[in-house]
Structures are given as C-alpha cells and as structure tokens.
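1. got a predicted structure here, sequence first:
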Amino acid sequence: MLMDAAARRKVLDYVRPLAVGLDGMTNYGDVERMVSAAEAVAAGASGIDRDLLFLLAVFSGQEKWVARMGHRSRTELFLASLHVRRETVRALFRALRRLETAPVGPEEEAVHDALRLETLGAYGVARALADAYRERLEILEMADALETAAEARLRTENGRKLAAARKARMLAFARELRAEHAEFSRGPASRERG
C-alpha cells in the first residue's frame, strides 16, 4: 500500500524542523526540493519503490539525528503509525548510512544524484559561497571549491542529464571568478590557473 498525500504531509511535517535544526542553513522548502529532485532523477525508471524513494529523499541529511539514542525507535513508531511497511522502514535506515558514498539500488541512486544536484549550478554556487564565507576562504579557494563540486559523480542517466548544464555554469562561474580576481591582483596568486 502506497503512502497517501496525507501521510506524506505528516512525514514532511515531522522532518522539516529536524532538517532546519541540524545545520542551521537548511531552508524550510529544501526538504520538498529534495523530494522533487529525487522524483525527477527517478522518472521513467522501472521497479522504483515510491515510498522508499520519498522517505529517502525526506530523511536524507538526517542520518546523525536518526542514529541517536531513541530517535530511531521514535521514527520507526511514527512511520508505523502511518502504516509504512516494516521492510520499507528497515530499507530506509540501512540506506541512510550509505546514500552519499555507496548507494545500492535505484531509489538510493536517485536520491544520491538528487543530493549532488543540490550542490551544482547556480543553486550550488550560492550554497558553496555561503559555506566558503562562513569558513573564511579566500577567493581562489572558493574557485577551487566550486571546481571540486562540479566534479561530482552522478550514478544515473537522468542525474547526469540534469547535471550537465549545472556543471558547465558552475565551472564558468569559477573561471570568471579567477579571471576577475587576477585582473587587479599582483603576485604569484594572480597567475594561478590563469
């Protein structure tokens, strides 16, 4: 039995405050963006467990919170109250640990790529620059961080298609950032990666 719209809304309401509280940067709409991105990546794929895909997208980024004493069992009880299948809940908790590094199966790969898409393009540039500012990186270090982010490996064909233009924009921004920095800079730093 698939989760209905009311059950999905309850799950979103359960997770949103957790997402915001964990990193201090997550926006209230970021959870729903992740669901939309995962669905776009999974579009057309056969054999997708739509409930697992939804739960993975919603709980992505919550691994540390879920792993804490009591939070996992509280989450299991909450999901059981919504009649989420026990095997889906077990698959969710197994997958959360490996989503970013070693996803297994089409649902995990779709969410992995959705997570990567959030770090690419204009959206990725905005997030990366906010992180860089908080870490007090210099301009050339910011350009390095953008280029590193643009190297993100995607695991699905849809993910690669969605990422292509975003990667190109991100790399173009990093090039422009370096060029403008070099324009009025003196010394060896201005000639780096010229």
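-> Arrived safely, thanks for sending.
2. list the contacts of the closest residue to A43 other than its chain neighbours.
-> Leaving aside its chain neighbours, A43 sits nearest to N158 (6.2 Å; criterion: Cβ to Cβ, 6 or more residues apart in numbering). For glycine as for every other residue, the C-beta is placed from the backbone atoms N, C-alpha and C. Taking Cβ atoms under 8 Å, 6 or more residues apart in numbering, we find N158 in contact with A40, V41, A42, A43, G44, A45, A110, D113.
3. closest to G70 among those?
-> Of all those, A110 has the smallest distance to G70: 29.6 Å, by Cβ to Cβ.
4. wait, that closest one sits on T156?
-> Yes. With contact defined as Cβ atoms under 8 Å, A110 reaches T156; the gap is 6.2 Å.
5. thinking again about what came up before, for the contacts of N158, work out which two are farthest apart.
-> Greatest spatial distance among the contacts of N158 (Cβ to Cβ): G44 and D113, at 13.6 Å.
6. who's more crowded, these two?
-> The residue with more neighbours, out of G44 and D113, is D113; 26 against 8, by other Cβ atoms under 10 Å.
7. nearest spatial neighbour of the more buried one, skipping sequence neighbours?
-> Distances taken as Cβ to Cβ, 6+ apart place G159 nearest to D113, at 3.0 Å, with adjacent residues excluded.
8. buried sites along the longest helix anywhere in the chain?
-> Determined from DSSP state H, the single longest helix within the chain is helix 157-183. Using 16 or more other Cβ atoms under 10 Å as the burial criterion, the residues of helix 157-183 that qualify are 158-159, 162-163, 166-167, 169-171, 173-174, 177-178, 181-182.
9. among the residues you listed, pick out the one closest to M142, please.
-> Checking these against M142 with Cβ to Cβ, the nearest one is L177 at 6.7 Å.
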